[in-house]
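J.: heads up, no residue letters with this:
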């Protein structure tokens, strides 16, 4: 309209239709005035999502939808509009070593073991050793100790044997045990334990923790969902809370990589 009035002032007249044809646009585009509507949300649903997020702040929209029994697209829409959606950081360039698959095809084919540090209040720093079945992602054994020596990882491995087979025994069929190249896992004491129980030791390529990514990812999960939520006052308290969470992880926590089944369910189905 402004263009047309200016041309009339100069002694020329041209219709809107001709102008639109001249510039190759539709007339409806000339008259279109965009209006931004405020999306309407069901406040009851929003409150349910918010409460569940406060309990599980690291969960994405798929797992939240599963816990709430809601449509995942509806949950995603709420997170987007409210600005609650977690933004993934860019991974950038990460050099990779030779492929070394983490997941095994059946239970008790390969286990992975590693350690991490946990602050335990008056008892100072402690060491959490854990053993994971790389098929079911089940934590078969773990040990929290003030010591970070070989005895701690040996105890976690022994607990794994008791958990899976009911007692300590030498394996009839060897299980591959994957670990990094740390001093504990390459020590004579640990090597003897491996041999006594008939495990086959497998080391990852140095400086490539992604080859032991399954147990590394478990440690990130337990820190995000359990350890960092507490200010442990003692080793005893840390042991109790971590033990309860690992039991929840094995039996109740539905895992996205397992098509939202629990590790215990996957083991029962595979057995």
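T.: Ah, there it is. Predicted model, so just to flag it, every value in this text is computed and none were measured. Numbers count the residues shown, from 1 in each chain.
J.: Kindly tell me how buried residue 113 is, as a neighbour count.
T.: Per other C-beta atoms under 10 Å, the neighbour tally for residue 113 reads 26. The way it works is simple: take the backbone N, C-alpha and C, and place the C-beta from them, glycine included.
J.: whoops, I mixed them up, residue 260
T.: 12.
J.: Residue 129 too?
T.: 24.
J.: ok, which stretches of the protein are helices?
T.: Secondary structure of the chain (DSSP state H): helices located at 2-9, 16-23, 27-31, 43-55, 61-68, 72-82, 150-165, 188-196, 213-225, 235-251, 263-270.
J.: Out of the ones you listed, which is the most enclosed?
T.: Comparing the helices of the chain by mean neighbour count (mean count of other C-beta atoms under 10 Å), helix 150-165 ranks first with a mean of 19.
J.: Give me the packing partners of it, helices and strands only.
T.: The contact analysis (3 or more C-beta pairs under 8 Å, 6 or more residues apart in numbering; DSSP states H and E) places helix 150-165 against strand 110-119, strand 125-133, strand 139-145, helix 188-196.
J.: Make CSV from those and add mean pLDDT and distance to residue 13 to it.
T.: Shown next, in CSV, are the helices and strands packed on helix 150-165 (pLDDT from 0 to 100; distance: least, C-beta to C-beta, whole Å):
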stretch, mean pLDDT, distance to residue 13
strand 110-119, 96, 79
strand 125-133, 97, 80
strand 139-145, 97, 81
helix 188-196, 94, 93
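J.: pLDDT below threshold where in the chain?
T.: 1-12, 35-38, 86-99 (pLDDT under 70).
J.: show me the contacts for the spatially most central residue of it.
T.: Centroid-nearest residue in the chain, with C-alpha atoms, centre = their mean: residue 221, separated by 5.7 Å. Residue 221 makes contact with 58, 249, according to C-beta atoms under 8 Å, 6 or more residues apart in numbering.
J.: Would you format the helices and strands packed on helix 150-165 as a markdown table with distance to residue 242 included?
T.: Shown next, in a markdown table, are the helices and strands packed on helix 150-165 (distance: least, C-beta to C-beta, whole Å):
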| stretch | distance to residue 242 |
| --- | --- |
| strand 110-119 | 7 |
| strand 125-133 | 7 |
| strand 139-145 | 6 |
| helix 188-196 | 22 |
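J.: nearest to residue 269, of those?
T.: strand 125-133 (13.5 Å; C-beta to C-beta).
J.: In the closest one, which residues are buried?
T.: For strand 125-133, burial by neighbour count (16 or more other C-beta atoms under 10 Å) applies to 126-133.
J.: Partner strands of it and their direction?
T.: Using DSSP bridges, the strands paired with strand 125-133 are strand 110-119 (antiparallel), strand 139-145 (antiparallel).
J.: how near is residue 136 to residue 182?
T.: Counting by C-beta to C-beta, to the nearest Å, the gap between residue 136 and residue 182 amounts to 25 Å.
J.: the more surrounded of those two?
T.: In this view residue 136 and residue 182 are compared by other C-beta under 10 Å, and residue 136 has more residues nearby, 27 against 14.
J.: hang on, the earlier thing: of all the helices and strands packed on helix 150-165, which one is nearest residue 233?
T.: Judging the helices and strands packed on helix 150-165 by C-beta to C-beta, what sits closest to residue 233 is strand 110-119, at 10.6 Å.
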